[in-house]
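Asks: Kindly generate the corresponding structure for this input.
(chains A and B)
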Amino acid sequence: MRREIPLLITGIVGVVFVISYFIPHFPFNMMDGWFSDWFSIIQACAIVLGALNLLLISSQKIIRRKTDWGYSIVVMATFFLMIIAGFSGGVEFRGPDTTFTWLYNFTFMPLSSTMYAILAFFVASASYRAFRARNAEATLLLGAAFFVMIGRVPIGDLITGFMPEGARLSDLTGWIMDYPQTAGQRAIMIGIALGLVSTSLRVILGIERSHLGGDS
Amino acid sequence: MNRRMIEMSILAVITILSIIAYLGKINGWHNGYTFSTGLSITLIILLAASVIFILVLTIKGKLIGRRIVFLYIGIAITLPLFMDISQEIVVSNDVKAVYADLEGLPAGSKILVSFDYDPASAPELQPMAEAFIGECFKRDFKLIMMGLWPMGPQQANMAVDTIMNRMGLTDQDIIYGEDWVNLGFQTGDVFVIQRMGGSFESMFHTDINGRPYQDIPLVKNIKNFSNIDYSFNLSAGFPGTVEWVQVGVDRYGLKLSCGNTAVQAPTVYPYLKAGQLSGLIGGMNDGAAFEKLTQLEGKATKFMLSQSFSHLIIIAFIFIGNVAYFRTGRKSALKK
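Replies: This is a model prediction of the structure:
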């Protein structure tokens, strides 16, 4: 029964969602609403579960003095700091003058932005070391990257400012994005969609069971 | 002094200078540093000359390490922040389409704005959010904000505060609950959009401050997407623009345009070209273009010079990398 019940729930929910898309009337619209609400509830619980898991892993790392356990202290300290700041602010903890907002604006926001901004350095370094004209396809990609990178910033049009409108770098970039790039994206999306449909059908029909865990 | 010590010392000096410059600015010792045009041009020439020097070294077989690339990227991003060089921002048709949509809406139109990003993507998306909100306030549109990402609504509040300060608006000019409302975050990803198609209230019983939905004048008569005139999605990934198109647009007929990070923008082009999206602001360049249209120049416009420089430096190093590749007989012999 440990496998049959989850398979039954998956099958019923999947079938209801598919039918309610095409027949958005009673009783399918009502069932669609129920299942959507349940999804939100389960996801909200998963957030709590994730937070507890983070605490568990971090505390175990500190107790057992594993590699980089010092960082786990920082994780736990900042975790509790944000929780205390949030709860102390009451319902309006995200208001303009709360401790939570101050911490968010002046620590979390700049730190997150910095982490993401560091990517610029790694992208540049990786491009320098790996972006090679090894063969015809790679050279084509290199050429497209060159035109898009230079055409997506104002300096591209400054360089080709002498050329007539419609033949400048921004226009070439626009053409690359509108046609070859969109065609490639469409091909990828159609492929993914077909794969998704077949996988969903396998899950709904109970053929695919890997999401239940175990070997079956 | 070994190499690591030298690197640490340089970093410490830069940090101390930055702190002194920052303290000087907040204490009124100076009004921020701006290079003169002559100094800016000199620095650009020196930078270009040094890149050419690296190219010559590479041709001679002397390869550079990644630390040099990091250094040049750092220079290309930071130096333009002090330069007073203006650039002509080109406005793409996709950005014009977003602006044209706003121009076509009558005053009092209700616009749903979903903030589906977090602070990591804020440097790209926050300027778009501010310009969009500012333009809506100018045109007396009513904004209903929400987020499918936990930190989205916080970003929305920040954007509103910033743009109201910049435009000199007060809480009496733009009234919360009447001119704009922040409904907050709701878990459920794509299912939130699906449920909103039936009832907004079923997903957002209260606003971000815990005020009941029926007590908010702006939204109490809004049942679902049929009461929304236009929508705008700021997205940095999943759930985001793609999900809004697949459910909000395709299933419920929502009129949608979006602002995306430059990395994500290519994925929504098929929807844009199919007419499911009416406009797109993609990346900081388009953000600057939208600021130009709205005449609300902000951070996107200010940082475009840094973006231009960094793109040029990356292109230069890709070229140098390829020279090294062919110079060393197509072997990846670059220093780590």
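
Asks: On the three-state scheme, the residue lying closest to residue B:204 once chain neighbours are set aside is what?
Replies: Nearest in space to residue B:204, with sequence neighbours left out and distances taken as C-beta to C-beta, 6 or more residues apart in numbering or on different chains, is residue B:183 at 4.2 Å. For the C-beta atoms, the positions are set from N, CA and C on the backbone; glycine is no exception. Under DSSP: H, G, I helix; E, B strand; the rest coil, residue B:183 falls in the strand class.

Asks: what sits against residue B:183?
Replies: Contacts for residue B:183 (C-beta atoms under 8 Å, 6 or more residues apart in numbering or on different chains) come out as B:144, B:145, B:146, B:153, B:200, B:204, B:207, B:208, B:219.

Asks: what's around residue A:166, how many residues?
Replies: 9 (other C-beta atoms under 10 Å in any protein chain shown).

Asks: correction: residue B:310
Replies: Around residue B:310 there are 23 residues (other C-beta under 10 Å).

Asks: From what I see, it and residue A:119 are in contact.
Replies: No: with contact defined as C-beta atoms under 8 Å, residue B:310 does not count as touching residue A:119 (11.6 Å).

Asks: hey, what's in contact with both of those two?
Replies: Common neighbours of residue B:310 and residue A:119, counting by C-beta under 8 Å, 6+ apart, are absent.

Asks: re the thing from before, nearest to chain A among the contacts of residue B:183?
Replies: Nearest to chain A out of these is residue B:208 (C-beta to the nearest C-beta; 6.0 Å).

Asks: For the residue sitting nearest the centre point of chain A, list the residues it contacts.
Replies: Centroid-nearest residue in chain A: residue A:116, 13.8 Å away (criterion: C-alpha atoms, centre = their mean). By C-beta under 8 Å, 6+ apart, the contact set of residue A:116 is B:120, B:121, B:123.

Asks: out of everything not next to it in sequence, what's closest to the first one?
Replies: Closest residue in space to residue B:120, ignoring its immediate chain neighbours: residue A:116 at 4.0 Å, by C-beta to C-beta, 6+ apart.

Asks: anything in the worst-scoring helix or strand of chain B on mean pLDDT near chain A?
Replies: Within chain B, confidence by mean pLDDT, DSSP states H and E is lowest for helix B:3-26 among all helices and strands, at a mean of 84. No: in terms of C-beta under 8 Å from any C-beta of the partner chain, no part of helix B:3-26 sits within range of chain A; the closest distance is 12.6 Å.

Asks: Can you name the element that comes right after that helix?
Replies: Once helix B:3-26 ends, the next helix or strand along the chain (criterion: DSSP states H and E) is helix B:37-59.

Asks: and the gap between the residue of chain A most remote from its centre and residue B:48?
Replies: No residue in chain A sits farther from the centre than residue A:162, which is 41.7 Å out by C-alpha atoms, centre = their mean. Distance, residue A:162 to residue B:48, by C-beta to C-beta, to the nearest Å: 20 Å.

Asks: Now do the strands in chain B.
Replies: Ranges of strands within chain B are B:110-116, B:142-147, B:180-185, B:230-235, B:256-260, B:280-282, based on DSSP state E.

Asks: Residue A:72 is nearest to which of those strands?
Replies: Closest to residue A:72 of those is strand B:180-185 (C-beta to C-beta; 27.2 Å).
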